Structure formats: structure tokens, C-alpha cells
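Undergrad: Only the shape, not the letters, is given here:
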């Protein structure tokens, strides 16, 4: 089967900021500012003029307090012309990947030949909400609501913390505490080894932070810990359910950071002398009941294999969020 170079999507550049810990080194930067850093660098590495970008699609979940049109803030902050439109996507954990899928779809449809796609988040910048003041408060205390929890990790359908669903998933899938702890340990070990081997260096754009004592440069992820052991992980108490298995040590962290890709058509890449990093051959989405959200990737992968006529054995690497 032949493919039309005008509607075949490829990735010509990819970059990201370091991933900062909650209230860590990147806490002073808003999500749009982090996004701007990633977008500027992605366009620079692609070797194209900013005006060549036809659209910007950015995933951003915890948007409270970020201001109007976070994706456009990032685009303009990156130095793209005002004529370049932008749209913000919120599909919770899948937001950034959905942005890439939409960019690929735009190319496949012939609607665009050069699109920037990515994701941005600053959980450190999330505000606290004080509901009820708009209509007036006559008497009594009012509760502050944490924007990180309300907009980021609280299920609006089941009215409970996502950590409870992690416990449900572990029980349903038969994943033990020890297996979760061991997976977490191996994640730290792999990340630390990658840092020590400078494997992330090429994809990271260093971020300069102005502080009272002067400028500092953040150029590596903050979360990986070389001192993590099974023994220390085993000592942690369950975080969400009494006698549960999910802890602060085997759960994903709260982070700040951004990433960006430049997605073009093969024809655009050829015309501009660009060497693609990868070709986007397929994509799919899947869903289910809210409590089964952590099983949704299985549904999506099955949809993808059905569309592409492949089996899981055809893939050399599987990376799952």
C-alpha cells in the first residue's frame, strides 16, 4: 500500500523540560511558561521558522488559575506569531498524547502540514478554591478546596480520590503490594541509571530560574531516587485505604513540567530538508466505566491492533502511562 507524503504524519523534533517535584525547582513557573520553553526548543530543534507552524495543540489538566487560553499563552510565549492558533486539551492523564493524536489527524486530513503538539502542567501552581463567596457568606467558616485534588486527582463521577481506584485496580488484577513496590523500585533504578548514563540529556532543555541569589539552571528530573530500596518502600503506610497496598512510594508523584513535538507531513519534512525521528502509523482510544479507568489502555491497544492488523508481538517496545 502506498502512502501520500502530503498526508503521512511524522515527528521531526521532540523535547521536554526536566520534570520537577511538587513545590520543587520548577515551582515558580506556571504551566504556560513551562510549555513555552518546550515549544520554543522543539521549533528550534526542528530547524523551521516559527511562522511555518500552522497550529498548536497542548494538553493541560489542572488549569485553575492559569489564565485564559493556556495553550495560546505557551505558543505566544515561545515566540510563535500571533497568526498561529492554539487549543488546550483536557483528557486528564491522556491529554498530551491526545494532542499528538490530533496533530497527526490534522496532517492525515490534509488540514495542516506542520503542527506543534505537547503537554504542560504545574501542579505546584494550582490554587485553592473558596466556593460560596460569589453569592455572599453570611456566617460561619468556609472550606478551602485544593485545586490539585479537585481538578487533578479526584474522580468527578465516583466522588473519590483516584488512589481509591488504584486500590480497586490492584485488587481486581491481583497485583500485590510487593509487586507494586518492586515495580516502583525498578522505575527509580532505571531512571537513575538513565540519568547517570546521560540518556535523558538530549531530550531535555535546561530551564533557567531567577532566584534572589542569582540564576540557577535545572537540567535533570528531580523525582528519581538512588537511595530507594524495597525495605524503605515496605515501611510506608497505605495512602488511601486502610490495609491497602497503594502507598506514596509506589504511586506516581505530583510534578511540574512540559513537553513538545513538531508533527509534520512527510512532504513538509522533505521540502524543508528535515529528518524525521519517527512516523506515526496508528493510534486509538478506549474507555470504560470511570472506576475501570486504569484498564482503558488495554481497550485502546486492542482497538489499535484491530485497526492495524497487528498483534502485541509485533511491537518492540510498549510504554504505558
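TA: That came in fine, so what should we check first? All figures in this text were calculated on a predicted structure; none of them were measured in a lab.
Undergrad: Please make it C-alpha for all contacts and neighbour counts, starting now.
TA: Fine.
Undergrad: Let's see the pLDDT reported for residue 139.
TA: We have a pLDDT of 89 for residue 139.
Undergrad: check which helix or strand covers it.
TA: Under the criterion DSSP states H and E, no helix or strand holds residue 139.
Undergrad: Can you show me the strands along the stretch 1-150 of the chain?
TA: For the stretch 1-150 of the chain, the strands defined by DSSP state E, counting those that start in this stretch occupy 9-16, 20-21, 55-59, 86-89, 114-122, 128-130, 144-146.
Undergrad: per-residue confidence averaged over the longest one?
TA: Per-residue confidence for strand 114-122 averages out to 99 on the pLDDT scale.
Undergrad: Residues in contact with that strand: which ones?
TA: Residues outside strand 114-122 that contact it (CA atoms under 8 Å, 6 or more residues apart in numbering): 27, 29-32, 34-35, 39, 52-62, 95-97, 99-100, 103, 107, 255-265, 268.
Undergrad: List buried residues within these.
TA: Applying 16 or more other CA atoms under 10 Å to the contacts of strand 114-122, the neighbour count classes 27, 29-32, 34-35, 39, 53-62, 95-97, 99-100, 103, 107, 255-265, 268 as buried.
Undergrad: from the contacts of strand 114-122, which ones fall inside helices?
TA: Residues of the contacts of strand 114-122 located in helices (DSSP state H): 31-32, 34-35, 39, 95-97, 99-100, 103, 107, 268.
Undergrad: Looking at the strands of the stretch 1-150 of the chain, spot the one closest to residue 241.
TA: Comparing these by their distance to residue 241 (CA to CA), the top pick is strand 144-146, with 20.1 Å.
Undergrad: For the closest one, list every residue counted as buried.
TA: Within strand 144-146, not a single residue qualifies as buried, counting by 16+ other CA under 10 Å.
Undergrad: ok, now which ones touch residue 70?
TA: Neighbouring residues of residue 70 by CA under 8 Å, 6+ apart: 31, 32, 60, 63, 88.
Undergrad: and if we set it to 7 Å?
TA: Residues counted as contacts of residue 70 (CA atoms under 7 Å, 6 or more residues apart in numbering) are 32, 88.
Undergrad: Give the other helices and strands that the longest helix belonging to the chain contacts.
TA: Using DSSP H to define each element, the chain has its longest helix at helix 177-196. When contacts are defined as 3 or more CA pairs under 7 Å, 6 or more residues apart in numbering; DSSP states H and E, helix 177-196 sits against helix 230-234.
Undergrad: buried sites along the helix it packs on?
TA: By 16+ other CA under 10 Å, the buried positions in helix 230-234 come out as 233, 234.
Undergrad: Domain-wise, how is this protein divided?
TA: Listed by automatic domain parsing, the domain ranges of the chain are 9-127+253-283, 284-321.
Undergrad: got the contact list for the residue lying closest to residue 14 once chain neighbours are set aside?
TA: Leaving aside its chain neighbours, residue 14 sits nearest to residue 261 (4.4 Å; criterion: CA to CA, 6 or more residues apart in numbering). Counting by CA under 7 Å, 6+ apart, residue 261 touches 11, 13, 14, 15, 42, 116, 117, 118.
Undergrad: where's residue 261 relative to residue 245, distance?
TA: Computed as CA to CA, to the nearest Å, the residue 261 to residue 245 distance reads 36 Å.
Undergrad: ditto for residue 232
TA: Note on residue 232: its distance to residue 245, by CA to CA, is 14 Å.
Undergrad: likewise residue 81?
TA: Counting by CA to CA, the gap from residue 81 to residue 245 is 50 Å.
Undergrad: Comparing the two, which residue is more hemmed in?
TA: Each of residue 81 and residue 245 has its neighbours counted (other CA atoms under 10 Å); residue 245 has more, 25 against 14.
Undergrad: Is the more buried one in contact with residue 236, as I believe?
TA: No. Contact criterion CA atoms under 7 Å: residue 245 and residue 236 do not qualify, at 9.8 Å.
Undergrad: In this structure, where's the longest strand?
TA: In the chain, assigned by DSSP state E, the strand with the most residues is strand 255-265.
Undergrad: what's the average pLDDT for it?
TA: Average pLDDT, strand 255-265: 99.
Undergrad: ok, it: who's next to it in the sheet?
TA: With DSSP bridges as the test, strand 255-265 is paired with strand 9-16 (antiparallel), strand 20-21 (antiparallel), strand 114-122 (antiparallel).
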